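> Give the three-dimensional model of this entry:
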Amino acid sequence: MKTIAICSFFVLFAIVAGIGATTPAAFADHSEVTIVPAGGSAALGCEETGVGCYIPSTVTVDVGGKVIFSNTDSDKHTFSSGTISDDIIGTVFDSGLVFPGDEKYWFPDTAGEFPYFCMLHPWTNGLIIVQEVVEEAHTEEVVEEAHTEEVVEEAHTEEVVEEEVIANQESEEKGGGCLIATAAYGSEMAPQVQLLREIRDTQLMNTESGSTFMTGFNQLYYTFSPTIADMERESPMFKEAVKLGLTPLLSSLTIMENAESESEVLGLGLSVIALNLGMYIGIPVFGILKLYQFKKN
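Predicted structure coming up:
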């Protein structure tokens, strides 16, 4: 009897211990998660570490929960749904340009797995797993909390709308959105902006040389494009000047519409670059030299 009692005690202890061990996992709180870029992820290398470029690189959140995209890094980042190889990016969520110290939010309403990456640093990627909430009572609480957060954010509608305009200008790509052209033509749906997006997504991003070019181009482009876009919005005259200056570029880029293979993208791409160097640098320099000679004579 003593042996049976002792065995029964250990069996009961094992059951209780097992329940205690599984309970935290079964009822873990996934109503809110925070994702931050790894320090120094603006440079290649973080993707080769065990930590990844986003911390955590994979997160689980409940439907109706809250995902906080917090930029704790010293460089600008984006949190954009999809992968760099997708035709359409940022359709599920897109934080736009998040400056150091800023935060953006996403309230998922559909279960599934959602990969995402940084448009400025395409090697930075992660995965968000959105799961259905098992307990109905807990689901209602999470949804109510998410709704409360949305109501609070409505108090800052004007600021959020302004930030989203910038976000849309930098989205959909990606290697990144065209801030300068979007600000010049007033909308990301303008035909001129659509032309740039089409050439980028159809010709450049579908080839290795084009993707390499876009990665390097984005590193340089986003160091100055936000400032120029702001200047365009503040000065109508400067906006018209930029629009006039973009016209030769847009005309020359139509050549790229005929590029399909890797060799065509590389050959026509170099031709377009040489043509634009001639238009934007060669012709002005030649004119200045002629004017100088005229005045000298």
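> where do the strands sit along the stretch 1-150 of the chain?
32-37, 54-55, 58-62, 66-70, 80-81, 103-106, 112-117, 125-131 (DSSP state E, counting those that start in this stretch).
> by contact count, what packs against the fifth one?
Contacts defined by 3 or more CB pairs under 8 Å, 6 or more residues apart in numbering; DSSP states H and E place strand 80-81 against strand 112-117. Just so you know, the C-beta spots here come from the backbone N, C-alpha and C atoms, and that holds for glycine as well.
> which residues of the chain fall in helices?
2-26, 136-154, 157-170, 179-185, 191-198, 208-221, 225-234, 236-253, 262-277, 283-296 (DSSP state H).
> Mean pLDDT lowest where, among the ones you listed?
Mean pLDDT values for those show the minimum at helix 2-26, a mean of 47.
> beta partners for residue 61?
residue 130 (DSSP bridges).
> Quick check, pLDDT for it.
pLDDT, read off for residue 61, is 94.
> again with residue 107
pLDDT at residue 107 comes out at 96.
> for the one 5 residues further on, same thing?
Residue 112 carries a pLDDT score of 93 in this model.
> same thing with the one 10 residues further on?
At residue 122 the predicted local confidence, pLDDT, stands at 87.
> residues near it, how many?
As a burial measure, residue 122 scores 22 neighbours (other CB atoms under 10 Å).
> Tally up the residues packed near the nearest residue to it once chain neighbours are set aside, please.
Among residues not flanking residue 122 along the chain, residue 84 sits closest, at 4.5 Å (CB to CB, 6 or more residues apart in numbering). A count of neighbours around residue 84, defined by other CB under 10 Å, yields 19.
> Give me the pLDDT value at residue 186.
According to the prediction, residue 186 has pLDDT 86.
> ok, now how distant is it from residue 119?
Using CB to CB, to the nearest Å, we find residue 186 at a distance of 22 Å from residue 119.
> neighbour-wise, which of these two wins?
residue 119 (28 against 13).
> Next up, phi/psi of the more buried one, please.
phi -70, psi -30 (degrees, to the nearest 10).
> wait, it sits on residue 76?
No - checked against CB atoms under 8 Å, the pair residue 119 and residue 76 is beyond contact range at 10.1 Å.
> Pull the number of nearby residues for residue 120.
Residue 120 has 23 nearby residues by other CB under 10 Å.
> Find the nearest non-adjacent residue to it, please.
Using CB to CB, 6+ apart, the nearest residue to residue 120 is residue 222, at 5.4 Å.
> Beta-bridge partners for residue 94, please?
residue 80.
> Any figure for the gap between the closest residue to residue 85 other than its chain neighbours and residue 276?
The shortest distance from residue 85 to any non-neighbouring residue, by CB to CB, 6+ apart, is to residue 205 (7.4 Å). For residue 205, the distance to residue 276 equals 20 Å [CB to CB].
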